[in-house]
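A.B. asks: I would like to see how this sequence folds:
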Amino acid sequence: MNPILPKVFHGLRPAIVWKHFATLCAIPRPSKGEARLREHLRAWAVARGLTAVVDAAGNLIVRKNASAGSESAPGVVLQAHLDMVCQANADTPHDFARDALEPVLRDGCLLAEHTTLGADNGIGVALILAALEDDRLTRGPIEALFTVDEESGMSGARGLDPDALEGRRLLNLDTEEWGRFYLGCAGGIDVNARRAGQPELPPDAHAALRIDVRGLVGGHSGVNIHEGRGHAIKLLTRALRAIERRWPLRLASLRGGSARNALPREASAMLAVPREAVSGVAGLLAGLQAVFREELAGIDEGVTLCCTPGEVSRVMGSAEQAAWLAALHAAPQGIRRMSLRAPGVVETSDNLGIVDLAPEGGECHFLVRSLIDSAGAALAEEIVSLFTLSGAVAEISGHYPGWAPNPASPLLGVCREVHRRLFGGPPSVDVIHAGLECGIIRGKYPEMDMLSFGPTIHGAHAPGESVEVRSVEHCWRLLREMLAALAEQKA
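C.D. replies: Numbering: from 1, shown residues only. Below you'll find the model as predicted:
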């Protein structure tokens, strides 16, 4: 698949997995832009004599027959998603629709320094491709399900036909901490708010300023939501509210975040203030930066507040500005409730992932997650109520169900036994607050027995994302041996 292997992948083990991940780094795969990669993988599968079809939703399904003597074993579905979250630092001119990723190796991890790496879920895809390629594996029938658009709406899983899959045991390879095996996940709901605006001329004798919040770590809005990381949009809103308490402020724009499922790392605003207020604004922001760094000590003390000259030709109407800033300031963000059923796991949370305001109007987007569908719906309805009170049009959309755990899962029993034999002890079994496609797939296949695991990935959904090389090798060993153990069973 990748005849010219980049130097960074030389010597990585298992080579059969890393060569496939090198291909995923070379071919762009943003959400809703996976077609080129999907066609490449389809052609690769057909060239190897495998059956490969693309369904109506755009998912790729590849089938491989059982190895000799295992024809009567139960079929196993291996599942991962093709797309990745596309995030880059503001000063990085990377085009995720065109440019290849350029990973580096450092301290036992493969990482992208200034962009996301796409190890979420590229490593899962690479592990499945390796399983399809390795003819030495003992296995029953394999169905590889490569879904699309997981990161921006899960439309691939939503569009999966209930008759598309034959296997009734599914291994999802889309979690991010080696040694933890997942039997359940949170569901999710999108909340979108918008309102039109009427542009106005800026006041006379104004000075135009640009304020930027930068330097935050960011991260996955499910996996990292409990860590107290900084939120660029909420911090910038606090700064703007502090300014307007002291000087007349007219807002021209406010933008932050680029994905509803990523913690916003950067946000910026253009505004007009009285000329005599410029030095005071700069001093206020310097003080706020110190406050934010103290509040975020140990997790995001690199936060910076920058104030530079800007240019403003139109500003938001006073009423629109007041409504937006009040609603964004009051909007819930982060953990709503910890789970009483799964101690130590977040039950319900939300993330204000994107804001884009201009004099002509604006919008913002939240992703609510919950292990309990009714609790997630309640929080989503609260957000709708808040923005409705502010005069915005707020709507709920894109609900996907959670995945209820089954502690008696036979697949988990096999996993525990194989893990104990390979690594000297049982795995940790948990429920994850992040959303997996398992909930949607389970809704279409109620009898499907499911389990999720994966390598250790740091900083998913943020620049600097990395994956621990050793954990990928562990995952490959476990996957091979689980397929062999399942091949010994009868359908």
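
A.B. asks: My guess is residue 125 contacts residue 22. True?
C.D. replies: No: contact status for residue 125 versus residue 22: not in contact, 12.0 Å apart, counting by C-beta atoms under 8 Å. C-beta here means a position set from N, CA and C on the backbone, and glycine is covered the same way.

A.B. asks: neighbour count winner among those two?
C.D. replies: Between residue 125 and residue 22, residue 125 has the larger neighbour count (other C-beta atoms under 10 Å), namely 28 against 22.

A.B. asks: In contact with the more buried one, which residues are there?
C.D. replies: With contacts taken as C-beta atoms under 8 Å, 6 or more residues apart in numbering, residue 125 has the following neighbours: 20, 21, 24, 80, 81, 82, 146, 173.

A.B. asks: did I read that right, the first one in a strand?
C.D. replies: No: if the criterion is DSSP: H, G, I helix; E, B strand; the rest coil, then residue 20 is helix and not within a strand.

A.B. asks: what number of residues lie near it?
C.D. replies: By the criterion of other C-beta under 10 Å, residue 20 has 23 neighbours.

A.B. asks: Now do it, the pLDDT please.
C.D. replies: We note a pLDDT of 98 for residue 20 in this prediction.

A.B. asks: tell me the phi and psi of residue 222?
C.D. replies: For residue 222, the backbone dihedrals are phi -100, psi -50 (criterion: degrees, to the nearest 10).

A.B. asks: And the pLDDT at it?
C.D. replies: In the prediction, the pLDDT value recorded for residue 222 is 94.

A.B. asks: What segments of the stretch 151-300 of the chain are strands?
C.D. replies: With DSSP state E, counting those that start in this stretch as the definition, the stretch 151-300 of the chain shows strands at residue ranges 169-172, 180-185, 187-196, 206-214, 219-220, 250-256, 262-263, 267-274.

A.B. asks: Of all those, which one is nearest residue 397?
C.D. replies: For the strands of the stretch 151-300 of the chain, the distance to residue 397 is smallest for strand 187-196, at 5.0 Å, taking C-beta to C-beta.

A.B. asks: Direction included, what does that closest one pair against?
C.D. replies: Each strand that strand 187-196 pairs with, and the sense of that pairing, follows from DSSP bridges: strand 361-370 (antiparallel), strand 393-400 (antiparallel).

A.B. asks: The last one vs strand 180-185, what angle?
C.D. replies: Between the axes of strand 393-400 and strand 180-185, defined by axes from the mean of the first three to the mean of the last three C-alpha atoms, to 10 degrees, the angle is 120 degrees.

A.B. asks: If you count neighbours, what's buried in strand 393-400?
C.D. replies: 394, 396, 398, 400 (16 or more other C-beta atoms under 10 Å).

A.B. asks: now do stretch 277-296
C.D. replies: By neighbour count, and taking 16+ other C-beta under 10 Å as the criterion, the buried residues in stretch 277-296 are 277, 278, 281, 282, 284, 285, 288, 289, 292, 293, 296.

A.B. asks: will you turn those residues into TSV that also has pLDDT?
C.D. replies: As requested, the buried residues of stretch 277-296 are arranged in TSV below (pLDDT from 0 to 100):
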residue	pLDDT
277	97
278	97
281	98
282	97
284	98
285	98
288	98
289	98
292	98
293	98
296	98
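
A.B. asks: Let me have the residues you listed in TSV, extended by distance to residue 196.
C.D. replies: Output for those, formatted as TSV (distance: C-beta to C-beta, whole Å):
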residue	distance to residue 196
277	29
278	31
281	29
282	33
284	31
285	30
288	31
289	34
292	32
293	37
296	35
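
A.B. asks: what about stretch 382-401, start to end distance?
C.D. replies: Its first and final residues considered, stretch 382-401 spans 19 Å by C-alpha to C-alpha, to the nearest Å.

A.B. asks: I meant to write stretch 177-193 there.
C.D. replies: 34 Å.

A.B. asks: gap between it and the chain center?
C.D. replies: 10 Å (C-alpha atoms, centre = their mean, to the nearest Å).

A.B. asks: I'd like to know the average pLDDT value across that stretch.
C.D. replies: The predicted model assigns stretch 177-193 a mean pLDDT of 95.

A.B. asks: buried stuff in that stretch?
C.D. replies: 177-178, 180-193.

A.B. asks: circling back to that earlier point, can the strands paired with strand 187-196 go into TSV with extra columns for mean pLDDT and distance to residue 385?
C.D. replies: Written out in TSV, the entries for the strands paired with strand 187-196 read as follows (pLDDT from 0 to 100; distance: least, C-beta to C-beta, whole Å):
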stretch	mean pLDDT	distance to residue 385
strand 361-370	98	13
strand 393-400	95	8
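
A.B. asks: Out of those, the one nearest residue 221 is which?
C.D. replies: For the strands paired with strand 187-196, the distance to residue 221 is smallest for strand 361-370, at 6.0 Å, taking C-beta to C-beta.

A.B. asks: For the closest one, C-alpha coordinates in CSV please.
C.D. replies: Backbone C-alpha positions of strand 361-370 (Å, rounded to 0.1, in the frame of the first residue of the first chain) are rendered in CSV as follows:
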residue,chain,number,x,y,z
GLY,A,361,-25.5,37.5,12.7
GLY,A,362,-23.9,34.5,14.3
GLU,A,363,-24.1,30.9,15.6
CYS,A,364,-22.7,28.6,18.2
HIS,A,365,-22.6,24.8,18.5
PHE,A,366,-22.6,22.5,21.6
LEU,A,367,-22.2,18.8,21.9
VAL,A,368,-23.9,17.3,25.0
ARG,A,369,-22.8,13.8,26.1
SER,A,370,-24.4,11.5,28.7
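
A.B. asks: So what touches the following helix or strand past that strand?
C.D. replies: As assigned by DSSP states H and E, the chain's next helix or strand after strand 361-370 is helix 373-389. The set of residues external to helix 373-389 that reach it, using C-beta under 8 Å, 6+ apart, is 186-189, 191, 193, 327, 330-332, 336-337, 347-348, 350, 364, 366, 368-370, 394-396, 399, 401-402.

A.B. asks: Now with 6 Å, please.
C.D. replies: With C-beta atoms under 6 Å, 6 or more residues apart in numbering as the test, helix 373-389 has contacts from 187, 189, 191, 193, 327, 336, 348, 350, 366, 368, 370, 394, 396.

A.B. asks: and what of stretch 15-33?
C.D. replies: 1-2, 5-6, 9, 12, 36-37, 82-84, 86, 96-97, 100-101, 122, 126-127, 129-130, 149, 151-152, 476.

A.B. asks: in it, what counts as buried?
C.D. replies: 17-25, 27-31, 33.

A.B. asks: Now do stretch 370-381: distance to the chain's middle.
C.D. replies: Stretch 370-381 has its C-alpha centroid displaced from the chain centroid by 19 Å (C-alpha atoms, centre = their mean).

A.B. asks: same check, this time on stretch 257-267
C.D. replies: Between the mean C-alpha location of stretch 257-267 and the chain-wide mean there is a distance of 10 Å, by C-alpha atoms, centre = their mean.

A.B. asks: Straight-line length of it, end to end?
C.D. replies: The straight-line separation of the ends of stretch 257-267 (C-alpha to C-alpha) is 7 Å.

A.B. asks: Need the mean per-residue confidence for that stretch.
C.D. replies: Averaging pLDDT residue by residue across stretch 257-267 gives 94.

A.B. asks: do the same with stretch 110-124
C.D. replies: Taken as a whole, stretch 110-124 has an average pLDDT of 97.

A.B. asks: Okay, buried residues for it please.
C.D. replies: Under 16+ other C-beta under 10 Å, the buried positions of stretch 110-124 are 110-112, 115-124.

A.B. asks: likewise stretch 226-236?
C.D. replies: Under the neighbour-count rule (16+ other C-beta under 10 Å), stretch 226-236 has 229, 230, 231, 232, 233, 234, 235, 236 buried.

A.B. asks: swap in stretch 5-17?
C.D. replies: Per 16+ other C-beta under 10 Å, stretch 5-17 contains these buried residues: 9, 12, 14, 17.
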